[in-house]
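Student: what's the 3D shape of this:
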Amino acid sequence: MSEQFPRKVLVTQRFFDAASLSYLQEHGCEVQIAQLADGQGDGDLSEEQLLELLTGVDGWIVGHAWITSSLLAKLPRLQAIARRGVGYERVDVNAVRAAGKVATIAVGGNDASVADHAIAMMLALGRRLGDSKARMVNGDWAIALGSELYGKTVGVIGMGRIGRGVVRRLAGFDAKVLAYTTRPDWEYSLEYGVRYVDLDTLLAESDYVTLHAPLLEETRFLINAAAFGRMKSSAFLINTARGGLVDDQALLEALLDGAIAGAGLDVFLSETDPTYRATTDALLALPNVVATPHSGASTHEGLQRTNLLAAQCVVAVLNGDTPPASCVIADGRGKFSTEE
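Tutor: Here you go, the predicted structure:
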């Protein structure tokens, strides 16, 4: 157990709520919340800027900063790294283990927020909400006919916590659900009327295709030009997962060519690859694209849950305990090591 009090905890994420702050303070932590410039996230900070903030810190609640071996080697006092989110492609988990530190994610905290967001995008696209408002602003009040989500076929790619949340919500729309996953749960499929199919079948039959898969080497550009060629021209694509799952240039071409009807995008390739910025700008300019700035998980309720989960993980590590197993992505501490 750490003998140093107060333990210093740095938060480099916005919207850290009072209850989570109080939790850390009640458990002997001195909390510093980084003051970032407007529009700046911790993923925009250089290693030098991070080191300036993190020197002398025991626990770090982080968003999208890169966790590298170079950074960790210069932070001997840092013990706990808690992501306020669930993706961890920017965390070098091997470096965390090698440095004897612990890295965690906030599993389950934002599932409902992202599932709601995916449904909202389906409804906005089908009912042409963005396009209608833009027309009205320009004085055109003519009715733009949309389409219902009710009774449609929705293809869900990835059946983890968020994908399942989307399926439960779709039950209220009497939707037919197709699912593509490497881990089919047959009992779940019977309960919710899910039909597991291969990817080609899902793309060909779905009116909406919604992505909820992790970004891995084998899933990068899972939705590419060939995939758009298999989809209905009346179909919509929803991506609230990771930008790298979709080839955004191929998506732009599919939308311009009328290969699909529209897209709802909360994530973009340009978030990690600036060379795609022009592609992102072109997508945003289209009337049949509904877009948000990677905010699917950002609700008051969702952030309160993930803040508290991250805070609980930090306190557990600083106390010499083990956070919930589902939250731990790397643990380099002797007997607690996840490599054992």
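
Student: mind listing what the spatially most central residue of the chain touches?
Tutor: Centrality entry for the chain: nearest residue to the mean C-alpha point is residue 241, 5.0 Å, by CA atoms, centre = their mean. Neighbour list for residue 241: 158, 162, 211, 212, 213, 214, 215, 267 [criterion: CB atoms under 8 Å, 6 or more residues apart in numbering]. C-beta here means a position set from N, CA and C on the backbone, and glycine is covered the same way.

Student: Among those residues, which one sits closest to residue 249?
Tutor: Nearest to residue 249 among the contacts of residue 241 is residue 267, at 15.1 Å by CB to CB.

Student: How many residues are close by that closest one?
Tutor: Residue 267: 25 surrounding residues under other CB atoms under 10 Å.

Student: again, but for the one 4 residues further on
Tutor: Around residue 271 there are 18 other residues, counting by other CB under 10 Å.

Student: From here on, call the first residue 5.
Tutor: Okay, residue one is now 5; in that scheme the one you just asked about reads as residue 275.

Student: now the contacts of residue 245 in JSON lines, with secondary structure?
Tutor: Below are those laid out as JSON lines (DSSP: H, G, I helix; E, B strand; the rest coil):
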{"residue": "162", "secondary structure": "coil"}
{"residue": "166", "secondary structure": "helix"}
{"residue": "215", "secondary structure": "strand"}
{"residue": "216", "secondary structure": "coil"}
{"residue": "217", "secondary structure": "coil"}
{"residue": "218", "secondary structure": "coil"}
{"residue": "219", "secondary structure": "coil"}
{"residue": "271", "secondary structure": "coil"}
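
Student: Tell me the one among these nearest to residue 298.
Tutor: Taking CB to CB as the measure, residue 298 sits nearest to residue 271 out of these, at 5.5 Å.

Student: list the contacts for the closest one?
Tutor: So residue 271 contacts 243, 244, 245, 246, 247, 298 (CB under 8 Å, 6+ apart).

Student: ok so, going back, pull out the buried residues from the contacts of residue 245.
Tutor: Neighbour-count burial (16 or more other CB atoms under 10 Å) applied to those gives 162, 166, 215, 216, 217, 219, 271.

Student: Who are the packing partners of the longest helix belonging to the chain?
Tutor: Longest helix in the chain, counting residues (DSSP state H): helix 304-322. Contacts defined by 3 or more CB pairs under 8 Å, 6 or more residues apart in numbering; DSSP states H and E place helix 304-322 against helix 22-30, strand 33-37, strand 63-66, strand 84-87, strand 106-108, helix 115-130.

Student: List the buried residues of it.
Tutor: 306-322.

Student: Repeat that for stretch 150-168.
Tutor: Neighbour counts over stretch 150-168 (16+ other CB under 10 Å) mark 153, 156-168 as buried.

Student: so how far is the first residue of it from its last?
Tutor: Stretch 150-168 has an end-to-end distance of 26 Å (criterion: CA to CA, to the nearest Å).

Student: how close does residue 216 get to residue 12?
Tutor: As judged by CB to CB, to the nearest Å, residue 216 and residue 12 stand 36 Å apart.

Student: Over to residue 112?
Tutor: From residue 112 to residue 12 the distance is 27 Å (CB to CB).

Student: Repeat that for residue 29.
Tutor: For residue 29, the distance to residue 12 (CB to CB) stands at 12 Å.

Student: between those two, which one's more packed in?
Tutor: Set residue 29 next to residue 12 and count neighbours by other CB under 10 Å: residue 12 wins out with 20 against 14.
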